[in-house]
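> Fold the following and give me the result.
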Amino acid sequence: MVFYVMIIFGLTSIPGSSFSRLTFLALHDKIVHFSEYLILGFLFYNALKPEYQNTKGLFITFVFLIIIPVIDENIQRLIPGRFPDYMDGVADICGGICGAFIRSRK
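Here you go, the predicted model:
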């Protein structure tokens, strides 16, 4: 899960000019955000010890899934050609919460 967060932050650090060739990302931006955080939510909840895979664990997961997208979007302020987008953050959080719920329903 830590490795996956590092991948997310690594992708965030790519300058905006590099994405001009990736039209799929541009056309389906919110789906990509939702999907990448769906996986993160699933992985984070799965990484919890079994005794925390309950309501308390979901709360911990939700807090994590709010903090990481906020950091992710704010990192973009420092990257040339990138900018934080409120709706990307919303897609990230919604995807993460869905992933955690899917995993919590075994």
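> give me the element the spatially closest residue to Ser17 that is not a sequence neighbour is part of.
Leaving out its chain neighbours, the residue that sits closest to Ser17 by C-beta to C-beta, 6 or more residues apart in numbering is Gly81, at 4.9 Å. All C-beta spots, glycine's among them, are computed from the backbone N, C-alpha and C. According to DSSP states H and E, Gly81 maps onto no helix or strand at all.
> Just give me how far stretch 2-21 sits from the chain centre.
Its chain's average C-alpha position is 12 Å from that of stretch 2-21, according to C-alpha atoms, centre = their mean, to the nearest Å.
> Show me which positions of that stretch end up buried.
Neighbour-count burial for stretch 2-21 flags 5, 8, 12 (criterion: 16 or more other C-beta atoms under 10 Å).
> outside of that stretch, which residues touch it?
Contact with stretch 2-21 is made by 25-26, 36, 39-40, 43, 68, 71-72, 75-76, 79-83, as judged by C-beta atoms under 8 Å, 6 or more residues apart in numbering.
> what's the pLDDT at the residue nearest to Ser17?
We note a pLDDT of 83 for Gly81 in this prediction.
> If anything else comes up later, I'll come back, but that's it for now.
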